[in-house]
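S.K.: Generate a structure from the sequence data that follows.
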Amino acid sequence: MSKLTKKDLRSPDQIWQASATTFSWLRSQWIWLIVLGLVVFIGSTGAFFYVQSQKAEEAKAQALYGDALSFFEQYKLEKTESVLKELQSKLDDLKLKFPSSKANKWADGVRARLLIDQSKVDPALSILSESKSGLSPDAKAFISYSIAGISEDAERWDEAISNYQSILDLKDHPLKKWAFLGKARALVHKGQAGLAVVLYDQFITDFPRSTEISKVRGLRAMASQTTASK
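M.R.: Sure, this is the predicted structure:
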């Protein structure tokens, strides 16, 4: 290593020069730096309060949804106009005040049920189909299951089969085994008992410890007899 001269010792090193240059630039830009800091602070603070306000709004929406459910249960027992009026009022308030809330989406199930009670199947199915928008595939599956059940009640077998299949297409879902049974049931009604037997066999393979196994074996035997008799 070469020996440093007195001139080298007197001259500032590169690190010191870089630091001095940086400090000088920061000092000249201090107003903009303060403004930037304020913008970041205000932005982060605003985001925090926005998230908190959204949580508060959702909590209010869910409370209103809880009230609507209470009236809905009461209406199922009493079937009186006064209870129906209160229930409809709660549902309308929920849609008006909290249109983007999760609770308002959940309330679509109640709205659909009321329409079905009035034999308005198409509007009910339309409401449920629209409520799928923006939901995850797993969340959509719950609505698909409701649509499939309504379609079965209306003897719309193809629509029921399609919605049950959308659940079966998922890798895993708590409604999957019920979708197997629903689709098989719809196939039997449609006159395709042979395809139902295949589904029952698949159910027995995939859910060997299910409490429904005995019932499924019986349904499979009935579907097989139907196929053999043709």
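S.K.: Assign the most centrally placed residue in the chain to helix, strand or coil.
M.R.: What sits nearest the mean C-alpha location of the chain, by Cα atoms, centre = their mean, is residue 139, with 3.2 Å. Taken by DSSP: H, G, I helix; E, B strand; the rest coil, the conformation at residue 139 corresponds to helix.
S.K.: Where do the helices of the chain begin and end?
M.R.: Under the criterion DSSP state H, the chain carries helices at the ranges 6-10, 14-28, 30-78, 81-97, 102-117, 121-130, 137-153, 157-168, 176-189, 193-206, 213-228.
S.K.: Distance-wise, check the residue nearest to the centre of the chain relative to residue 77.
M.R.: 29 Å (Cβ to Cβ, to the nearest Å). Placement of C-beta: from N, CA and C, glycine included.
S.K.: Domain map for the protein?
M.R.: 46-131, 137-230 (automatic domain parsing).
S.K.: Quick check: which of those is buried the most?
M.R.: domain 137-230 (a mean of 17; mean count of other Cβ atoms under 10 Å).
S.K.: For that domain, the averaged confidence score.
M.R.: Here domain 137-230 scores 91 as its mean pLDDT.
S.K.: next one: stretch 106-121
M.R.: Rounded mean pLDDT across stretch 106-121 is 86.
S.K.: and if you look at stretch 81-91?
M.R.: The average pLDDT for stretch 81-91 rounds to 90.
S.K.: show me what contacts the closest residue to residue 188 other than its chain neighbours?
M.R.: Nearest in space to residue 188, with sequence neighbours left out and distances taken as Cβ to Cβ, 6 or more residues apart in numbering, is residue 196 at 4.8 Å. By Cβ atoms under 8 Å, 6 or more residues apart in numbering, the residues touching residue 196 are 184, 185, 187, 188, 219, 223.
S.K.: Find the pair from those with maximum spatial separation.
M.R.: Spatial extent of these (Cβ to Cβ) is set by the pair 187 and 219 at 11.2 Å.
S.K.: Can you give me the end-to-end span of stretch 146-160?
M.R.: Terminal residues of stretch 146-160 are spaced 9 Å apart (Cα to Cα, to the nearest Å).
S.K.: Residue 95 reaches residue 107, doesn't it?
M.R.: Yes - shown here, residue 95 and residue 107 form a contact pair, counting by Cβ atoms under 8 Å, at 7.4 Å.
S.K.: how far away is residue 127 from residue 188?
M.R.: Residue 127 sits 28 Å away from residue 188, going by Cβ to Cβ.
S.K.: do residue 207 as well
M.R.: Residue 207 sits 19 Å away from residue 188, going by Cβ to Cβ.
S.K.: Surely residue 224 is in contact with residue 188?
M.R.: No - using Cβ under 8 Å, residue 224 makes no contact with residue 188, being 11.0 Å away.
S.K.: Find residues that contact each of these two.
M.R.: By Cβ under 8 Å, 6+ apart, no residue touches both residue 224 and residue 188.
S.K.: what's near enough to touch residue 154?
M.R.: Residue 154 neighbours (Cβ under 8 Å, 6+ apart): residue 121.
S.K.: actually residue 180, not the one I typed
M.R.: With contact set as Cβ under 8 Å, 6+ apart, residue 180 has these partners: 164, 168, 199, 200, 202, 203, 206, 207.
S.K.: Residue 192 is in contact with residue 227, correct?
M.R.: No - between residue 227 and residue 192 no contact is recorded; they are 9.2 Å apart, counting by Cβ under 8 Å.
S.K.: which residues are in contact with both of these two?
M.R.: By Cβ under 8 Å, 6+ apart, residue 227 and residue 192 have no common neighbours.
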